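Asks: Sequence first, predicted model second:
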Amino acid sequence: MFPMVISFYTTDTLYQLEVQNLIESCQRYGVAHQIEGVGSFGSWELNCAYKPFFIYRKLQELQRPVLWIDADGMFIRSPQILEVFKKDFAVRINEELQVVHPSKVISSTIYANYTSGACRLLQTWAHRCHNEITRVDRKEEFWDQMALRDALYFEEHGADFETLPREYTKIIDHPGDQEHVLEPVIEHYQASRRYKKMINQEGLFS
């Protein structure tokens, strides 16, 4: 059985329009999905920090493997059951980058199995997000994928994790993806670059 696709979008923002592409693509390919609207927590960073909490909650509710897809993603082709779904956790890992690189891990598509290892990792990631987003001396912008990177590589979680195929994590304007990922299953459209400032300053439709 293919994992349940999950995602959330911030209500009263352009993400609630963006996410329609994901919903419609799930319907087109017969993919079971649960996609929810949530109120903005006040900033793009705080909304991103909610991701591990949401994934963990859905995993506990559904008691089955889940596949998180950012609200700006969509299926391009019918997905297949992957060998990596036997693992506790899978995410895009850019093997060519050093562990400390901010884009070592890309969290736009995430697989989480219903296992104790995946649950511990999600709790560790959530803890990292909370600590980082509330740090009073923080000067740099918060990225949830950096907290996930740190949880994966610098914490004791016991999860058996692997990298997702690039076909399930294609970034539409990434030069390497454009050149090498020729038959994507999932594409991401980097909506944060378009909507981040609006959510931080206003948040709502004008």
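Replies: In hand now; what should we look at?
Asks: C-alpha only now, for contacts and for neighbours.
Replies: Will do.
Asks: my guess is residue 93 contacts residue 166, does it?
Replies: No - counting by CA atoms under 8 Å, residue 93 sits too far from residue 166 to count as a contact (9.3 Å).
Asks: count of neighbours near residue 124?
Replies: Residue 124 has 21 neighbouring residues, counting by other CA atoms under 10 Å.
Asks: So for it, what's the pLDDT?
Replies: pLDDT for residue 124: 97.
Asks: Equivalent analysis for residue 153, please.
Replies: At residue 153 the predicted local distance difference test score is 96.
Asks: Strands of the protein, start to end?
Replies: Shown for the chain, the strands assigned by DSSP state E span residues 4-10, 33-38, 66-69, 73-75, 89-93, 105-112, 161-163, 170-171, 186-188.
Asks: right, so of the ones you listed, which gets closest to residue 139?
Replies: Using CA to CA as the criterion, the shortest distance between residue 139 and these is 21.0 Å, found for strand 105-112.
Asks: which residues are contacting the closest one?
Replies: Counting by CA atoms under 8 Å, 6 or more residues apart in numbering, strand 105-112 makes contact with 59, 65-70, 73, 85, 88-94, 118, 144-146, 148-149, 168-169, 188, all of which sit outside it.
Asks: Low-confidence bits of this protein, can you list those?
Replies: Confidence mapping of the chain against pLDDT under 70 gives the ranges 191-206.
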